[in-house]
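[1] predicted structure and sequence below. I'll ask about it afterward.
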Amino acid sequence: MTSQDAIRAAVDRLAEAHRTRVPCAAVRDLIGTDDLPAAYAVQQGLVQGRLAAGATVVGRKIGATSQAVQDQLGVDQPDFGYLMDDMDVSADDPISMATLLQPRVEAEVAFRLAADIDVPEAEITLELVRAAVDVALPALEIVDSRIAEWGITFTDTVADNASSGLYVVGDEGLPLSGIEPVDVVMSLSINGEERSSGNGAACLGDPLEALRWLAVQAARFGDPLRAGHLILSGALGPFVPFAPGDRVEASISGFAPLSVTFKE
């Protein structure tokens, strides 16, 4: 069992890397590679630090939902992290990379919730989470790692708020009566060249199944999903690196294309 001192040391290491933009050593030397409660405790420590600094929680993200991303990260299961209001750069163009260390970009389907999902775990069905969705939206997630050279194990990425960075969501959502997330097809291009592709079924079989998985985890952790939350359901294909000056465009069938430019 990981000690509280080790958990605090891991929080401090990751927080310092975030503050200085200097990648740090992995935290598995402190929390091990199998202690998921410890990894999520580190994540909570980071979240609480950001809340104390004035940020607010606006939703969650699901990570490592596609086999392609699991292969890229060297992990074999999904995880989740928290979305804070200061991670939303949807209104920025160009988007500053000033807070990022070693970012990658991926395209996914996001959900805005119209209702809490606050029921016992056994009652969280695909039908229930579908009914809780207000709209689906196209999204770009800018994933990032505070850990040097992305040298992570599963507990490292969990601790690091599921390797989160920034996100962009489109402003034209669709109700689920107008789109079936499992059927979408995605293409992500950088400066006009396709760099990633995939589909809804690559995201845990169905982005709505990813949402159900998250709702179960949130219930287990005693922090249920709430009405108004934005949920990034997970990548539809591999993530890719980008650089200042790049124009990134995600085309997800059924939605208007989502395009952004990055700057230093």
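    Here it is on my side, so go on.
[2] any idea which helix or strand comes after the helix or strand where A15 lies?
    Per DSSP states H and E: A15 is located in helix 4-20. Beyond helix 4-20 in the direction of the C-terminus, DSSP H and E gives the next helix or strand as helix 28-31.
[3] show me what that next one is packed against.
    helix 4-20, helix 36-52, helix 154-159 (3 or more Cβ pairs under 8 Å, 6 or more residues apart in numbering; DSSP states H and E). For the C-beta atoms, the positions are set from N, CA and C on the backbone; glycine is no exception.
[4] of the ones you listed, which stretch is the most buried?
    Most buried of the helices and strands packed on helix 28-31 by mean neighbour count (mean count of other Cβ atoms under 10 Å) is helix 154-159; its value is a mean of 27.
[5] packing partners of that helix?
    If you count contacts as 3+ Cβ pairs under 8 Å, 6+ apart, helix 154-159 packs onto helix 28-31, helix 36-52, strand 79-84.
[6] list the neighbouring strands of the last one plus their orientation.
    When sheet partners are counted by DSSP bridges, strand 79-84 sits next to strand 57-63 (antiparallel).
[7] contact partners of the partner strand?
    Strand 57-63 is contacted from outside by 47, 51, 69, 78-85, 88, 141, 143, 157, 162-164, 167, 204, 210-211, 213-214, 218, 225, 228-234, using Cβ atoms under 8 Å, 6 or more residues apart in numbering.
[8] hmm, S189 and S197 touching each other?
    No. If you go by Cβ atoms under 8 Å, S197 and S189 don't touch, sitting 9.5 Å apart.
[9] pull the contacting residues for F262.
    The contact partners of F262, taken as Cβ under 8 Å, 6+ apart, are P94, I95, S96, M97, F242, A243, P244, G245, D246, V248.
[10] ranges for the strands of this protein?
    57-63, 79-84, 95-96, 104-113, 133-143, 166-169, 185-190, 193-199, 230-235, 240-241, 247-252, 258-263 (DSSP state E).
[11] can you list those strands in JSON lines and add mean pLDDT and distance to A15?
    JSON lines is the format used below for the strands of the chain (pLDDT from 0 to 100; distance: least, Cβ to Cβ, whole Å):
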{"stretch": "strand 57-63", "mean pLDDT": "96", "distance to A15": "17"}
{"stretch": "strand 79-84", "mean pLDDT": "97", "distance to A15": "14"}
{"stretch": "strand 95-96", "mean pLDDT": "97", "distance to A15": "20"}
{"stretch": "strand 104-113", "mean pLDDT": "98", "distance to A15": "21"}
{"stretch": "strand 133-143", "mean pLDDT": "98", "distance to A15": "18"}
{"stretch": "strand 166-169", "mean pLDDT": "98", "distance to A15": "17"}
{"stretch": "strand 185-190", "mean pLDDT": "98", "distance to A15": "31"}
{"stretch": "strand 193-199", "mean pLDDT": "97", "distance to A15": "31"}
{"stretch": "strand 230-235", "mean pLDDT": "97", "distance to A15": "22"}
{"stretch": "strand 240-241", "mean pLDDT": "96", "distance to A15": "24"}
{"stretch": "strand 247-252", "mean pLDDT": "98", "distance to A15": "28"}
{"stretch": "strand 258-263", "mean pLDDT": "97", "distance to A15": "24"}
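[12] so which of those strands gets nearest G32?
    Counting by Cβ to Cβ, G32 lies closest to strand 79-84 out of the strands of the chain; the figure is 15.7 Å.
[13] now do that closest one: everything it contacts.
    Residues contacting strand 79-84 (Cβ under 8 Å, 6+ apart): 43, 47, 50, 55-64, 154, 157-158, 161-164, 167, 214, 217-218, 230, 232.
[14] so which of the contacts of F262 belong to helices?
    Among the contacts of F262, DSSP state H puts none in helices.
[15] out of those, which is most surrounded?
    In terms of neighbours by other Cβ atoms under 10 Å, the contacts of F262 top out with V248 at 22 neighbours.
[16] name whatever forms a beta bridge with it.
    Beta-bridge partners of V248, as defined by DSSP bridges: I190, V260.
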